[in-house]
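J.: Test case, fold it:
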Amino acid sequence: MKARSLIIAVLCSFMGVVNTFAQNLFNENTSASLTGVWQMCFYSSSLPALPGDLKPSNSLKILGESGEFTNVVMMPTGAIIIGSGTYTQNNDSTFTEHVKKNIHLPQLDGKDNVMHYEMAENGTLMFVRFKSAEKGDDV
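T.: Predicted coordinates for the structure are as follows:
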């Protein structure tokens, strides 16, 4: 009986150590998935000197599993695709959009935009910013 209890205790300890190691290994090497439909929100302030409130917009960013993105604007008369292309996830804080077509900002056609992001609220909120080459500051 003691041998059986000892074997069970050793087996349980071994399984606990392996489980902990596997979880740490998985968490360290797995990037957050950006795949999904994201509603774009913007900070809005009544005065430039005051911090703004986060407001939802009628725009969606769709990031597909196969590396494509589509920007869609919802309107009362329907929806319109305003931008599309592909994206690559560089690491846990940046991804690059390779813009094929953007009707809202045609100067982005054929360009690469490095987007800096931070995930929050268990991956349900993504803060994204990019740098404007013309202005040199975050947009």
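
J.: W38 sits in which helix or strand?
T.: strand 36-44 (DSSP states H and E).

J.: go on, Y87?
T.: strand 78-89.

J.: Show me what that strand is packed up against.
T.: Judged by 3 or more C-beta pairs under 8 Å, 6 or more residues apart in numbering; DSSP states H and E, the packing partners of strand 78-89 are strand 68-75, strand 94-102. C-beta coordinates here come from the backbone N, C-alpha and C atoms, glycine included.

J.: Quick check: the spatially closest residue to V128 that is not a sequence neighbour vs T77, distance?
T.: Distances taken as C-beta to C-beta, 6 or more residues apart in numbering place Y117 nearest to V128, at 4.7 Å, with adjacent residues excluded. Noted for Y117: a distance of 31 Å to T77, by C-beta to C-beta, to the nearest Å.

J.: Same question for H116.
T.: Counting by C-beta to C-beta, the gap from H116 to T77 is 34 Å.

J.: Who has more neighbours out of the two?
T.: Neighbours were counted for H116 and for T77 using other C-beta atoms under 10 Å; H116 has more, 14 against 6.

J.: which outside residues touch the helix or strand where the more buried one lies?
T.: According to DSSP H and E, H116 maps onto strand 112-120. With C-beta atoms under 8 Å, 6 or more residues apart in numbering as the test, strand 112-120 has contacts from 32, 34, 90, 93-99, 125-131.
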